[in-house]
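*Asks:* Need a 3D model of the following:
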Amino acid sequence: METAGEIEEESKHAKWTDEEVAALVNYLHTNHSEWADAGNFQQVTYAKDAESIRKLHRSGKIKDSKNVSIKWGSLKHTYNAIMTYHSRSGKHWDNENGANICGAADAEKWVKFVGMKPFCNKGWQYLSMMEDIFP
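*Replies:* Numbering: from 1, shown residues only. Prediction:
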């Protein structure tokens, strides 16, 4: 049985559904002309994005501009890691097979470099939109 403290703690943290993340990225992609600096957007853009995904809320904390900004930072981190990995000489990456990791030695190098196990053999659904967002 959950106590009031556990329920209160649960509501402090935003838990993102796949649908909410997709809506966040779609909104920023559509409104990428509002891009500010260092791959960020203005707070008003994050607030509008939070409002646009509110209808998708199912449980936990309702996302606000701060949650959108934090999630955007996480998505940028993933994008930058993929682009850095891809730009390294001799490192394979495509958006269908990811890094196409085969074997334990390759997997160990991949985890040490980016720590993004989900993308070792598959692409990232947001890559093309992220590439459009960044000038």
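
*Asks:* From here on, just use CA atoms for contacts and neighbour counts.
*Replies:* OK.

*Asks:* Show me what the longest helix along the chain is packed against.
*Replies:* If you go by DSSP state H, the chain has its longest helix at helix 65-87. Judged by 3 or more C-alpha pairs under 8 Å, 6 or more residues apart in numbering; DSSP states H and E, the packing partners of helix 65-87 are helix 43-53.

*Asks:* What are the buried residues along the helix it packs on?
*Replies:* Within helix 43-53, the residues scored as buried using 16 or more other C-alpha atoms under 10 Å are Thr45, Tyr46, Ala47, Lys48, Asp49, Ala50, Ile53.

*Asks:* out of those, who's nearest Val25?
*Replies:* Among the buried residues of helix 43-53, Asp49 lies closest to Val25 (C-alpha to C-alpha), at 9.1 Å.

*Asks:* Name all residues that make contact with the closest one.
*Replies:* Leu24, Tyr27, Leu28, Ser65, Val68 (C-alpha atoms under 8 Å, 6 or more residues apart in numbering).

*Asks:* average pLDDT across the strand or helix carrying Met129?
*Replies:* Remark: Met129 resides in helix 127-133, with elements defined by DSSP states H and E. Helix 127-133 carries an average pLDDT of 92.

*Asks:* Tell me the buried residues in it?
*Replies:* Result for helix 127-133 [16+ other C-alpha under 10 Å]: buried residues Leu127, Met130, Ile133.
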